[in-house]
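**Q** Generate coordinates for the sequence data below:
(2 chains)
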Amino acid sequence: MPHDVSNTSAKATTPGGLNVAVLVSIGRHPLTARTRRADQDARAVEMALTLQSASVSLLHAGQQDSENEEAIRGYLGMGIDSVNLIEQKPQADVIPALAKALRASAAQLVLTGTRAETGEASGITPYLLAEALGWPIITGLAAVEKIEQGTAVVLQALPRGKRRRLRIRLPAIATVDSSAPPARQSAFGPAKRGELAIHLEPSAIDEALGAWHIQPARKRPKRLKIVKASSARDRFKAAAAKADGGGGQTLTDVTPEQGAEAIFKLLKEEGVLR
Amino acid sequence: MLDTLLPILLFSALALAAIGAVRRVRLWRQGRPSSVPVIKGLMQVPRRYLVDLHHVVERDKYISHTHVATAGGFVLAALLAIVVHGFGLDSAILAWVLLAATTSMFIGSLLVAKRRSPPPSRLSKGPWMRLPKSLMAFSIGMFIVTLPTAGILPEGVFQEGLGWIAALVLAAVIVWGLGEMFFGMTWGGPMKHAFAGALHLAFHRRPERFSNRAGGEHRSTGLKPLALDDDRTKLGVEVPADFTWNQLLGFDACVQCGRCEAVCPAFAAGQPLNPKKLIQDMVVGMAGGTDAHYAGSPYPGKPVGEHAGTPHGPIVNRAGGALVDAETLWSCTTCRACVEECPMMIEHVDAIVDMRRFLTLEHGNTPNKGAEVLDNLIATDNPGGFDPDSRLHWAADLNLPLMADKREAEVLLWLGDGVFDMRNQRTLRAFISVLRAANVDFAVLGTEERDSGDVARRLGDEATFQSLAKRNIKTLAQYRFSRIVTCDPHSFHVLKNEYGDLGTPETPANYHVQHHSTYINELVVAGKLTFKAWKGGSVTYHDPCYLGRYNGEYEAPRDVLRALGIEVKEMARSGYRSRCCGGGGGAPITDIPGKQRIPDMRMEDVRETGADLVAVGCPQCTAMLEGVVEPRADIKDIAELVADALIIKTPDDKATQSKPAPAAPRTVLEATP
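**A** Now for the predicted structure:
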């Protein structure tokens, strides 16, 4: 069918069963703040579902209440039978629980959104998980091209539509952002029938988070962008123009030490490190 | 010889027909259960046939006369033939009546033959082409064989010499006639429509559609709710056996007259839908097989013979190639023109929505913008994904009275999702100025209002519809009002006809809902509005499907236009035959390509009248028709026309009201005939 989302994305071929775990979070609609499936996480689920002969399991660490359940069921509606819900206290640091579950699940590829739509939404979870598990991490995954003999060939999305082909060793963690294909429609029937497999895990209370003072973000005024264009062509050029970067350098074929040194130097120049 | 042969032929044909009937009933019974009053339903058949069905058939006088002659003649002839020839009752009077009946049937069959030479494109060919000959065979055979009984020919004329040969020929003709009329009736021949049709009338899923002796309006157009609580049953129709048994029976009643095809806007636009073929495909699915034997017009762009199905096989495959392609189901604008025209009272739209429900609720496969619109409805309560708190931004200067403040009002003005559309905001402004001119006590729900759920429901998302409807009902239950008035026929229909099923004993959802044209007409009749003389050009009126066919309101908008001093130049297709604008049923969202656009065809209808302006009464129609490229007639909502013609009475005017105004304003009473 021409309108079928699942057929439009390229199918990656994988010999044998590949265990893919997708970490899903509770999303929040930007206008109405209603809970929903998080957009980037849903794209991660979509990517996992388009991998051929992969067994997909969904993992969520958090609280179980009716609002959250509705959001989680949004992922089930994409055609998944069950979600593993690791029950955690609201103030918990979910990294240890997730790391433990992933180690136990024998997942070879872990997909997740780049950053959550609720909670701290710092985007740091995948990095902390990668650190805890000792796995490589890849960001901005656009497509999985091939998985064979414990490595995956993937496309990483770079700004302005560029793609970079990478070969990564599995197991690995990959994050998905909005350059990945959009998620398929969530259907009501499967969402309602899908199972929430609840696992009780001790919560590691996040002391630092408890000490924080959290307040709603202040709306900052937007800087007006004045386009002094007289013709439609100029306006189009202004809208489509590249961001003025200019500086910077591209390092290729350098040792990790050289790379680290260059980054260190840049951070000092920019005054981030003193 | 014939005296012994005839009863044998008659009773064996009847026996075969009975076996076929059992087989056919078993095919229908594959469907889901649906409880119907059996005896009461059967008792209703004559009235439903003679009054309601005939009312539809009569729109084509030629075929109604033909059918009366043929069917009336056949039923009488068949009954008498069983008595006279089957049981050998030697009564000259009955024989004469039998002769008259067969003569009537013969005349009818000549008319059937004439209509089919050559057949118009909407009629099916194939076995239907032999039907007039079969009718003639039966009527001529029965006529001749009855002549001796009536005493016209001597008794025993068929028993000697040439008579034997004549008798053999006659027997062959009668076998042909009986084969078509009795055997074919239950074994799937063209005459199946009589057998299935009668039972379909008896066990129709919308018995409220049919008239009764008490008279009054009989209309049943609201979709039936789907039970969402049961976790085990699948939602919607995946395989033919998922229809209820009386729906399957209804499909089997199709007589393939193609009236639906002739009025279907999607078919005319070259989109891959033909209501007749769809119903035949359901019959194919119910019985199992391919559509290769279908002898009518195909779905535009889809050759016949490539689709097949079984009672328990999927109707739609993701990859295509099952019984029906998904585009076919998504082409429908739910305009109900096919249902309105169908002489067999088949419910095409119900079937299409049932199948869409499965695609959306179980497959998650609503095409094009469908998924996005449904997500928006879930997250923001409007299809455009706008901030629900910005619902009243368009009316910042109007100081609209809010229900939340007033708690009660005479009129609850339901604004609809048109509040987010700049074109529709003009209509709403116009209507509000009319309400203010007539000093109506009204209030709006403001940000408490949500989408009525119409689009979600037609796209098959019953869950979102019910969620929206239940929350709307809860909101409405807080306030007191005597009626709901809306400028949107879709909201009007849903509030009026579809919310009732979702009410609870604490919050009943039976509202008095009116379209703004009806309400304006009431204000006009009550003398609350005064109009300037009409100075514009000629005007035609486009009936919105959800106001006209769905709710039978054809007159109020025309009365309002007459009160304005406008003489409506009617389009060839107006009233119950109005052609859809293409905007209903989520069709602009699913946007299935065709050869031309439905609104373009409608504006062509307008152009034929030579009118400079089309009066409309629906935000969808406005948007669809205004999307047609110029040069074309202007499009104005009835509310805008009324507001433009208003003479607003300020307190000063009231003091000097007795003086004739210089512009010679017409009062309403003068203008209404």
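**Q** Can you pull the domain assignment for chain A?
**A** Dividing chain A into domains by automatic domain parsing, as the record does, gives the ranges A:5-211, A:232-269.
**Q** which one of those domains has the most crowded surroundings?
**A** The highest average neighbour count among these, using mean count of other C-beta atoms under 10 Å in any protein chain shown, belongs to domain A:5-211 at a mean of 18. To be clear about C-beta, it is placed using only N, CA and C from the backbone, and glycine gets the same treatment.
**Q** got any ranges where the stretch 1-150 of chain A has weak pLDDT?
**A** A:1-16 (pLDDT under 70).
**Q** one step back: which one of the domains of chain A lies nearest to chain B?
**A** Within the domains of chain A, the stretch nearest chain B is domain A:5-211; the backing value is 3.2 Å (C-beta to the nearest C-beta).
**Q** For chain B, name the helix or strand with the lowest mean pLDDT.
**A** Within chain B, no helix or strand scores below helix B:668-671, which has a mean of 44 by mean pLDDT, DSSP states H and E.
**Q** And the strands in chain A?
**A** Listed in chain order, the strands of chain A (DSSP state E) span residues A:18-23, A:26-28, A:35-37, A:54-62, A:82-87, A:92-93, A:109-113, A:137-138, A:141-148, A:151-157, A:163-169, A:172-176, A:195-200, A:204-205.
**Q** and the ones you listed as TSV, adding distance to residue B:133?
**A** Listed next are the strands of chain A as TSV, based on distance: least, C-beta to C-beta, whole Å:
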stretch	distance to residue B:133
strand A:18-23	66
strand A:26-28	67
strand A:35-37	63
strand A:54-62	62
strand A:82-87	63
strand A:92-93	83
strand A:109-113	68
strand A:137-138	75
strand A:141-148	64
strand A:151-157	68
strand A:163-169	69
strand A:172-176	68
strand A:195-200	62
strand A:204-205	87
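**Q** Show me which helix runs longest in the chain.
**A** Defaulting to chain A. helix A:256-269 (DSSP state H).
**Q** um, chain B though
**A** The longest helix of chain B (DSSP H) is helix B:2-28.
**Q** Can you show me the CA trace of stretch B:161-177 as CSV?
**A** Listed in CSV are the C-alpha atoms of stretch B:161-177, where the atom choice follows Å, rounded to 0.1, in the frame of the first residue of the first chain:
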residue,chain,number,x,y,z
GLY,B,161,-49.2,-34.7,-33.6
LEU,B,162,-47.5,-31.3,-33.8
GLY,B,163,-48.8,-30.6,-30.3
TRP,B,164,-46.2,-33.0,-29.0
ILE,B,165,-43.4,-31.1,-30.6
ALA,B,166,-45.0,-27.8,-29.3
ALA,B,167,-45.2,-29.3,-25.9
LEU,B,168,-41.5,-30.3,-25.9
VAL,B,169,-40.5,-26.7,-27.0
LEU,B,170,-42.8,-25.3,-24.4
ALA,B,171,-41.4,-27.5,-21.7
ALA,B,172,-37.9,-26.3,-22.6
VAL,B,173,-39.0,-22.7,-22.4
ILE,B,174,-40.6,-23.3,-19.0
VAL,B,175,-37.5,-25.0,-17.7
TRP,B,176,-35.5,-22.0,-18.7
GLY,B,177,-38.0,-19.6,-17.1
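**Q** In it, which residues are buried?
**A** Neighbour-count burial for stretch B:161-177 flags B:163, B:167, B:170-171, B:173-177 (criterion: 16 or more other C-beta atoms under 10 Å in any protein chain shown).
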